[in-house]
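Q: okay, sequence plus prediction incoming.
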Amino acid sequence: MVNKVSLRAAKARLGWAVVAAVCVAVVVASAGCSSARGGDGVRDPRAYEIDDGRVLLETGLERAALSVPSCLGPSLKYALVDDGFGYYYKVFLAATGSVDCMDELVVGNGMTRVPEKTRVGDASEDKPLAFRRSWMDDEVVAKMGWQLGPAEKFQEFGVGLPTQYAVTALVQHVPNSAELRVYVYAFRGG
């Protein structure tokens, strides 16, 4: 027969083990979140609300082998969305800038467009998208407020990177402005 005192002691030890395990899990989870938010727990103001804050922008860009020119910095918005495999993220970037700045983004990442142009053309070269890709209708894109409808016109650039990320950049001249807008989508394919 089991002694009631030893049974209570065993339950108490088990209870403390559960409490300790929960505390460790909370500490680990909060440490991961605060480090992904810059170490001080403050959300990056450049991040869209859909970004979960678990990975720093710089880490996501590094994993995708993407570089963003500093001239896009003041207007840059982003979201890193888990692709379901934990390590790799879908990268969404949006910014506005000059033609030279957009060329720096395109050339710096080795992107091209048909017919093999490597520079952004003038506004007359903005065209409706030839076909829609599934990511353009993704819930994430809608939550960020990106305007990718059939009436919108873009110059589309793309590249497959050695990290197995495919990158699409949609560059658009902003009406009545010298600025251009860019939407960048990168995801890890097979």
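A: Thanks, I have it. Being a predicted model, the structure only gives us computed values, none of them experimental.
Q: where does residue 96 fall, secondary structure wise?
A: Counting by DSSP states H and E, the element that carries residue 96 is strand 89-97.
Q: show me what that strand is in contact with.
A: With contact meaning C-beta atoms under 8 Å, 6 or more residues apart in numbering, strand 89-97 is reached by 48, 55, 60-61, 63-64, 66, 68-69, 71-72, 75-83, 105, 135, 140-141, 144, 146, 165, 174, 179-187. C-betas here are computed from N, CA, C, even on glycine.
Q: can I see the domain layout of this protein?
A: 1-42, 57-188 (automatic domain parsing).
Q: and the ones you listed as CSV, adding mean pLDDT?
A: Formatted as CSV, the domains of the chain follow (pLDDT from 0 to 100):
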stretch, mean pLDDT
domain 1-42, 48
domain 57-188, 91
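Q: and the ones you listed, which is most packed in?
A: Among those, domain 57-188 has the highest mean neighbour count (mean count of other C-beta atoms under 10 Å), at a mean of 16.
Q: ranges for the helices of this protein?
A: 4-36, 57-64, 99-108, 139-144 (DSSP state H).
Q: could you give the angle of the second one to strand 89-97?
A: For helix 57-64 against strand 89-97, the angle by axes from the mean of the first three to the mean of the last three C-alpha atoms, to 10 degrees is 110 degrees.
Q: could you give the bridge partners of the nearest residue to residue 57 once chain neighbours are set aside?
A: The shortest distance from residue 57 to any non-neighbouring residue, by C-beta to C-beta, 6 or more residues apart in numbering, is to residue 78 (5.5 Å). Beta-bridge partners for residue 78, by DSSP bridges, are residue 47, residue 93.
Q: over to residue 113?
A: With DSSP bridges as the rule, residue 113 is bridged to residue 117.
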